[in-house]
Every structure is written in structure tokens, then in C-alpha cells.
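Undergrad: sequence unavailable; structure follows:
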Ligand code: SF4
């Protein structure tokens, strides 16, 4: 673990999710989409949450934001943010925190920008709601400063423009400005923030994220399916599969020595010389993430796709075991497989 990661972990966490389970109500009963998740994010830390579509990572983020869809039901657990439990706060209090001390940057900026309102109006509206003490004239000044800070050129003129008049990269910069304009964000949730952008713009937006995260000392939960993005920005990584966390590790440890067969599979298909390359999408591992509505199988949720499956894998669900400083793995065989993985690396 890096010194920064150790420091972030030893301070009291900004976000502490314990035993969180979320289900969707369906005609034939409840379908669990997030299962007994524990996740900790230290002050000023960037935690990458990686997994395929359908692994539950966006629902986990929406539970933290208090924006779960109507058909979702929290079955249990707690979400502590700066000492209070978001699950037990009145919705009005959670709404006040959202956009103020907790913010989101979505994959598609148009989901947070209103297409029929000028950029300036949208930015100043956030201040009106969350920072009413800032006077009307000062709000526009602050909006321009914020656009400057996130690298929007001709910031003054942009205030009068509509979102459709901006490129995708500029729209994402404006979405980031909106997320941070209150000036006191402690937890930023970035949900696939660069996926909708082309490669050059992705790199610029990631650089911006890293710069802002460091200057504002925010904790960032970075949700992505792109291991290149994780390698470039995160200090720790949590790998999610079928609604469960299957591995948590420092980013360098995870890339150097993955312990869960799923993580190993993800990393195996990255080019050797570019294992931490900027643009490395999750590879295809044979099979697919089980549908949440499929009957819950006994044993390990990854067993149907795992080349290392043995009898116990079908009988008992593996617990999330501690596997060294700051590491945990959900696999019956992680200890003996780790040695095998290392031997295989030595041959490559
Ligand atoms: S518990 Fe068994 S099936 Fe699951 S990942 Fe480990 S070896 Fe594979």
C-alpha cells in the first residue's frame, strides 16, 4: 500500500458502507442487485469501483446519493457519511447534502444539464439552492471562476450558451463545474465520467479530475468499466461482480498480483506492455454476469465462469477474507491460486 493510501485508510472514513443490500421489487418477488457490500473511502482518497454492466456498481452509487429508483428497496445496511447514517436521515436532509457536500458527475453530462436553460442560469441555480448567503451578483462571478477552473475557454461568453451549443468535452467540464461550484464537496461520485467522450478528451478530463481531487482534497468514488482509467487515477480498487465485492486492494497491488480469478481474468486480457495503459476496456471473460433475476445459486457467484472451480465452490459462498494489509478477497482458493498466478507471471 502507498503511504497516501495508508494515511487515508487510518483516518476516519469519509464514506463507510456496511452490509448494504438492495433489491428490486418484481412481480415474482425481490431480486437482489447489491449484496452485503462493505466499502470504505478515506479522506482525499480515490477509490475505483470496477465491474461489468449489471454488476451493481451504479445502484450502489445511487444508494449513497439517495437516488435509488422507485422499485428499489434497501434490505439492510448502513451508509455513514462524515459521521451520520444516510440511510436513517430524513430525505430532505439527504437532498441538502446532495449537490453540497456530496456531488455526482454522471457519464452523460446531459443527464445533469437542463437542455433548455443557459449554462450561467444552471450554475447560479445550484448556488441559490445550496449557498443562499452568496449574493446574486457574486453568483455569476463565481460561475465564471468555476468554468475557468475546469478549463472552459471564454467562460464569460459560455454563461449565455445552452448545453447543445457546447462539445461533449465542454459539457462534461460544465457538469464538473456544477458538481463542485458550492466549494465544499467532500465526496464526489464519478459514474463513468469519460465513457461518452473520445480518447483525447477522455485523457484531458481525467487529468482535470486528478488535479481537482488533489487541490480540493475530495474523496472520489470513481465508477468505471475501464481499467486504464483506474490505473491512471485511483489509489485503491474494489472489484464488483454480481452485486458483491469480490476483491479490494491498493491499485498497484491489484495490477501486480490479482488474487481473485475474476480480477485475474480482467487483467489477463490487457496487453502485456500496456497493462496499465490509458485505454484498456474490460475484456470479455467467457460467459456473462448472471442476471440478478436468475435463481440465486448456492456457492460462489463466479463459479459458472471460473476455471479454478472445485467442489466447495458450488456448496458454500466464499466470505470476503482478509488477504494482507488493506486487501480482501472473496474466493475459497485465493491463497493457493495466488502462488500459481505468481508462477505463471514468472514464465511470461
Ligand atoms: S470460490 Fe471457487 S469458483 Fe469462486 S472464484 Fe474462487 S475458485 Fe473460482
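TA: Right, received. Where do you want to start? Worth saying up front: this structure is predicted, and the values here are computed from it rather than measured. Numbering: from 1, shown residues only.
Undergrad: helix/strand/coil for residue 153?
TA: coil (DSSP: H, G, I helix; E, B strand; the rest coil).
Undergrad: can you count the residues close to it?
TA: 10 (other CB atoms under 10 Å). Where C-beta positions appear, they are placed from N, C-alpha and C, glycine not excepted.
Undergrad: where's it relative to the ligand, distance?
TA: Distance, residue 153 to the ligand, by CB to the nearest ligand atom, to the nearest Å: 49 Å.
Undergrad: what's the answer for residue 77, then?
TA: From residue 77 to the ligand the distance is 23 Å (CB to the nearest ligand atom).
Undergrad: do the same with residue 64
TA: 27 Å.
Undergrad: tell me what the strand or helix carrying that residue is packed against?
TA: Per DSSP states H and E: residue 64 is located in helix 57-65. Counting contacts by 3 or more CB pairs under 8 Å, 6 or more residues apart in numbering; DSSP states H and E, helix 57-65 packs against strand 15-26, strand 29-41, strand 46-50, strand 72-81, strand 102-105, strand 187-191, strand 219-224.
Undergrad: again, 6 Å this time
TA: Helix 57-65 is packed against strand 29-41, with contacts defined by 3 or more CB pairs under 6 Å, 6 or more residues apart in numbering; DSSP states H and E.
Undergrad: parallel or antiparallel, which strands does the strand it packs on pair with?
TA: Its sheet considered, strand 29-41 pairs with strand 15-26 (antiparallel) by DSSP bridges.
Undergrad: what is the mean pLDDT for the strand it pairs with?
TA: For strand 15-26, mean pLDDT rounds to 95.
Undergrad: list the buried ones in it?
TA: 15, 16, 17, 18, 20, 21, 22, 23, 24 (16 or more other CB atoms under 10 Å).
Undergrad: would you map the strands across the stretch 201-348 of the chain?
TA: 219-224, 236-241, 244-250, 321-322, 328-329 (DSSP state E, counting those that start in this stretch).
Undergrad: flag every residue of the stretch 151-300 of the chain that's near the ligand.
TA: By CB under 6 Å from any ligand atom, the residues of the stretch 151-300 of the chain that approach the ligand are 261, 300.
Undergrad: what ranges do the helices span in the stretch 151-300 of the chain?
TA: 155-158, 168-180, 199-216, 227-233, 251-256, 261-268 (DSSP state H, counting those that start in this stretch).
Undergrad: now for the second one, which elements pack on it?
TA: Using 3+ CB pairs under 6 Å, 6+ apart as the contact test, the elements touching helix 168-180 are strand 102-105, helix 119-130.
Undergrad: do that again at 10 Å, thanks
TA: strand 102-105, helix 119-130, helix 136-149, helix 155-158, strand 187-191, helix 199-216 (3 or more CB pairs under 10 Å, 6 or more residues apart in numbering; DSSP states H and E).
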